[in-house]
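1. what follows is a predicted protein model with its sequence.
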Amino acid sequence: MPDTLRNVWESTSALTVSGDYRVGDIRHNWSDNSLLKTYLPEWEPTSLSAGLKEFVKWAKTQEVFDDTSQLATDELRTRDLGRT
């Protein structure tokens with residue numbers, strides 16, 4: 001499953017799934033879309049593949065920022081807020 005977005009993006013970058021999480025992160029969830037038809041009758045579900053293609057199309061138009069995720073991870077560990 002981790003390769004799904006990378007494949008749609010047509011990326012060859014290496015993936016690292018660390019398993020780390022932050023206190024308060026939601027690790028398991030699912031959605032219940034049953035009320036959508038009540039409030040948005042024209043709504044139709046989108047497949048994961050189609051949704052990811054639309055996401056990638058949008059994301060490629062966005063500005064790229066420096067990746068500071070390792071700094072954030074280090075700070076979480078310093079404050080004992082991340083899994084080690």
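-> Ah, there it is.
2. I'd assumed residue 5 was in contact with residue 13.
-> No - counting by C-beta atoms under 8 Å, residue 5 is not a contact partner of residue 13; they are 10.8 Å apart. Yep, even glycine has a C-beta here, placed from its N, CA and C like the rest.
3. gap between stretch 62-74 and the chain center?
-> Offset of stretch 62-74 from its chain centre (C-alpha atoms, centre = their mean, to the nearest Å): 14 Å.
4. so which bits of it are buried?
-> For stretch 62-74, a neighbour-count test (16 or more other C-beta atoms under 10 Å) marks nothing as buried.
5. what's the end-to-end length of it?
-> Stretch 62-74 stretches 26 Å from its first residue to its last (C-alpha to C-alpha, to the nearest Å).
6. show the average pLDDT along it.
-> Average pLDDT, stretch 62-74: 89.
7. looking at residue 13 and residue 5, which has the bigger crowd around it?
-> More neighbours surround residue 5 than the other of residue 13 and residue 5, with 15 against 7 (other C-beta atoms under 10 Å).
8. residue 53 - how many residues pack around it?
-> Per other C-beta under 10 Å, the neighbour tally for residue 53 reads 14.
9. nope, residue 25 is what I was after
-> Residue 25, neighbours per other C-beta under 10 Å, totals 9.
10. what's near enough to touch it?
-> Residues near residue 25 by C-beta atoms under 8 Å, 6 or more residues apart in numbering: none.
11. against residue 19, how distant is it?
-> Here residue 25 is placed at a distance of 12 Å from residue 19 (C-beta to C-beta, to the nearest Å).
12. likewise residue 29?
-> Residue 29 is 17 Å from residue 19, by C-beta to C-beta.
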